[in-house]
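Novice: quick one: sequence plus predicted model below, questions after.
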There are 2 protein chains.
Amino acid sequence: MISTRLTEALGIRHPVLSAPMALASGGRLAAAVTAAGGLGLVGGGYGNADWLTTQFAEAGNQAIGCGFITWSLAIQPELLDVALARKPQALMLSFGDLAPFAPQIHDAGVTLICQCQTMQHVRDAVEAKAGIIVLQGSEAGGHGMSRATLTLVPEAADFLASVAPDTLIVAAGGVADGRGLAAALMLGADGVLIGTRFWASEEALVHTAHHAAIMASDGDSTIRTTTPDVARKLDWPKGFTARVMQNDFTRKWHGQEAALLAHQEDEAAKYTAAFSAGNTQDAGVWFGEAAGLISSIEPAGVILERIVAKAESLLSKAARFVVKSG
Amino acid sequence: MISTRLTEALGIRHPVLSAPMALASGGRLAAAVTAAGGLGLVGGGYGNADWLTTQFAEAGNQAIGCGFITWSLAIQPELLDVALARKPQALMLSFGDLAPFAPQIHDAGVTLICQCQTMQHVRDAVEAKAGIIVLQGSEAGGHGMSRATLTLVPEAADFLASVAPDTLIVAAGGVADGRGLAAALMLGADGVLIGTRFWASEEALVHTAHHAAIMASDGDSTIRTTTPDVARKLDWPKGFTARVMQNDFTRKWHGQEAALLAHQEDEAAKYTAAFSAGNTQDAGVWFGEAAGLISSIEPAGVILERIVAKAESLLSKAARFVVKSG
C-alpha cells in the first residue's frame, strides 16, 4: 500500500487514478481500477447521456469518478447533471473554462479535479477551488499541450504550497509503471493519473488491432498533431494538440492541415470508417510516449498491482542512495 | 553524499554533471561544479581551439570534462585533439554521427558520454560503445528534440539492461533541484546532467540581463524553435530545435522561418549585436522549462549543495509512503 494525502482524501488504497479517456475509458475499466485500490474515471468525452448512463451501469457497485472535456461539455451542459446524479467520487474537468461548471460540482459536494497543462491553467484551477489539480505533461497520449510533467509538477507544487496548500497534486503524462509513480512522489505529487497504460488493458474500449499496434511501438513512435481533430471535425481550442501514433494518416496530413481542412468532408468519412474498423494506419491510434514501457495487454487490476509493487520496492530502498560523508 | 554507479565510476561525490552548454559553460563553471563534488563539463560548442585552451586553463587544477556538438566538431575535427590533450575526465558528444570520433576517444582512454534524444540515438550510442548515455528530454534548454525525460529514461534503462548493462544512465532536461535528482534515480538513472540551473549560476558565461530574464520567467515562458539557428546561420541537422525564452524575436519569426531565411544576412547581424549587448528581446535567451524552478543566481557550488541536500532528504524519507496492508 502507498499512502499519501490523495489516498487519505479519497479513501483509496493506492494513489493512482485512471484517466477519463474519451471513447476508451468505460465503466468496466473504471470499476476495475477502483476494485484494485485506485480510483477509476469514466471518460465523458464528447459523449451523450445514453452512453454515460450505460457506462455508469457497467461499473456496477464500484465507486468511480467521471471526467469531461470542458469545451465539449459547454455544448451539452446537461451531461454534468447526468454524471452528478450518479454520485461520482470525483468530477474531472480538462481543456476549457472551468467557471461555468465548478459551482455546480461544489454544490453537489463532489470533489472537483482540474487537469492543467500550464501554470496559467493552475492559477485558473485555484480560482475554481479545485480539490485536486492534475498536472499533465506533453508526453501523455491524447490531448494536451507542450509542458513536460517533470518540470510542471514541482513548479505547480511550489505555487500551490504558497497559495492553496490543501490542494492535492496529481502527475499525469508519461507515467506507466512503478518507476513513474515513485518519481512523481519525489517531484511533490500526491499521486498519478495514468492513461496510456490503462488504454492498453483488457477492459479499455480499444480495438484489438490498436492494442497490437502499441505493443509493436516504442516511445519514439508518437507525434503531437491536430490532424485527427481536423479529420473528426472537432473544434478544439487553439493550443491543444493530440498525441497519437505516427502512421500513414499523420504522415500524409501533419503539416498539411489546411489541405486536410479543404477535404474535410471526404476525409472525415474515411477517418471514421477506418477507426471503427480498427484500421491502425488511416485513423488516430491514441497512445502516448509511455508506449515504450508497455509490452502486454492485461487486466487493469493486474497492471495496477504491478505498478504499486514496483513503486513500493523503489521507495522502500531509496534511502540506500544516501551515504554519510566520510 | 549520494552514491550511485556514476559516482563510483567517475570518482565523484555526487551524481551530478553540468551540461557543456555552448558559449555559457566555461572553465570556471566546470571547475566550480567539480569542486563541489560533481563533474563539470566545458562546452566545446561551435568553439575554436583558442577558446577551448583558455577555458581548460580557467579550470585550473580541477578535473573537468568537455562536450562537443558533434556535427560542428565534424567541421573542425582538430578540436577533439585539443580537448583530449588536456586529459579530460570524460568527453561528451551530442547531436550527430558518433562513428568518426568514438574510436579516438576510446583510444585515448577517456570515458565517452553520448547524449541521446531518441531510442534510435540510444542504439547508436551502444554501437559506439558509450560508457555513459545521457537521455535528454525536450524540457531542456537549448538544442534537443521532442521526447520527454520522464519516458525516455526508463525506456532506455530497460533497453540498456538487456543489451549493455554496464552502460551508465544519466537523465537530462528539466532537472534543476533535488526533486528532479531524486525522481531521476527512481526512473532508473544513475545521475543527472543539469543545464539551465547552472546557466543561472554566477560562474556561467551569461549576460546579467539574461540572468534577470530567467528570474522573471516561469516554466511556460519558453518555446522550441529553429529561429535562433536560422538567424545565426547555423546549419543544424533536421529534427533538432532549440528551447529558448519566448520574446520579441521568437514571436516575430517562429512560424515564419522561410521569411527569416530570406532576410538571413540582415537578421544575423541584428541577432549577433543584440546577443552581445545582452538584449533579451532580439536574440535567443537560452534556458529551459526549469526556469519555473529558479529564482536566484548563485555560485554553482551553492546550487549543487542545495540540490544534493534536498535529494538526500527526499530519498531518506521515501519509505514513509509505503504502508503495510492491514
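Specialist: Received the coordinates, thanks.

Novice: which residues of the stretch 1-150 of chain A fall in strands?
Specialist: Counting by DSSP state E, counting those that start in this stretch, the stretch 1-150 of chain A has strands at residues A:16-18, A:41-45, A:65-69, A:90-94, A:111-116, A:132-136, A:142-144.

Novice: let me have those in CSV, extended by distance to residue A:3 and mean pLDDT.
Specialist: The C-beta positions use only the backbone N, C-alpha and C, and glycine is treated the same way. Formatted as CSV, the strands of the stretch 1-150 of chain A follow (distance: least, CB to CB, whole Å; pLDDT from 0 to 100):
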stretch, distance to residue A:3, mean pLDDT
strand A:16-18, 13, 98
strand A:41-45, 21, 94
strand A:65-69, 20, 98
strand A:90-94, 18, 98
strand A:111-116, 18, 98
strand A:132-136, 16, 98
strand A:142-144, 29, 98
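
Novice: most tightly packed of those strands?
Specialist: strand A:16-18 (a mean of 31; mean count of other CB atoms under 10 Å in any protein chain shown).

Novice: show residues contacting it.
Specialist: Residues from elsewhere that reach strand A:16-18, judged by CB atoms under 8 Å, 6 or more residues apart in numbering or on different chains: A:25, A:29-30, A:33, A:37-41, A:65, A:113, A:134, A:170, A:181, A:191-195, A:198, A:300, A:304, A:307-308.

Novice: can you get me a residue count around the closest residue to residue A:227 other than its chain neighbours?
Specialist: Closest residue in space to residue A:227, ignoring its immediate chain neighbours: residue A:253 at 4.4 Å, by CB to CB, 6 or more residues apart in numbering or on different chains. Using other CB atoms under 10 Å in any protein chain shown, residue A:253 has 21 neighbouring residues.

Novice: residue A:253 and chain B, how far apart?
Specialist: Applying CB to the nearest CB, to the nearest Å, the value for residue A:253 to chain B is 18 Å.

Novice: isn't that residue up against residue A:228?
Specialist: No: under the criterion of CB atoms under 8 Å, residue A:253 is not in contact with residue A:228, lying 9.1 Å apart.

Novice: related to what we said a few turns ago, check the contacts of strand A:16-18 for burial and list the buried ones.
Specialist: A:25, A:29-30, A:33, A:37-41, A:65, A:113, A:134, A:170, A:181, A:191-195, A:198, A:300, A:304, A:307-308 (16 or more other CB atoms under 10 Å in any protein chain shown).

Novice: secondary structure class of residue A:180, three-state.
Specialist: Classification of residue A:180 using DSSP: H, G, I helix; E, B strand; the rest coil returns helix.

Novice: residue contacts, it?
Specialist: Residue A:180 sits next to A:174, A:192, A:290, A:293, B:150, B:154, B:187 when contact means CB under 8 Å, 6+ apart.

Novice: one step back: of the contacts of strand A:16-18, which belong to helices?
Specialist: Using DSSP state H, A:29-30, A:33, A:181, A:198, A:300, A:304, A:307-308 are the members of the contacts of strand A:16-18 that sit in helices.

Novice: and those residues near chain B, which?
Specialist: Subset of the ones in helices among the contacts of strand A:16-18 in contact with chain B: empty, counting by CB under 8 Å from any CB of the partner chain.

Novice: for the stretch 151-300 of chain A, what lies in contact range of chain B?
Specialist: Counting by CB under 8 Å from any CB, the positions of the stretch 151-300 of chain A adjacent to chain B are A:151-152, A:154-155, A:158, A:173-177, A:179-180, A:182-188, A:218-220, A:224, A:288-290, A:292-293.

Novice: now, which of those residues lie within helices?
Specialist: Per DSSP H, those map to helices at A:151-152, A:154-155, A:158, A:179-180, A:182-187.

Novice: cheers, nothing more for now.
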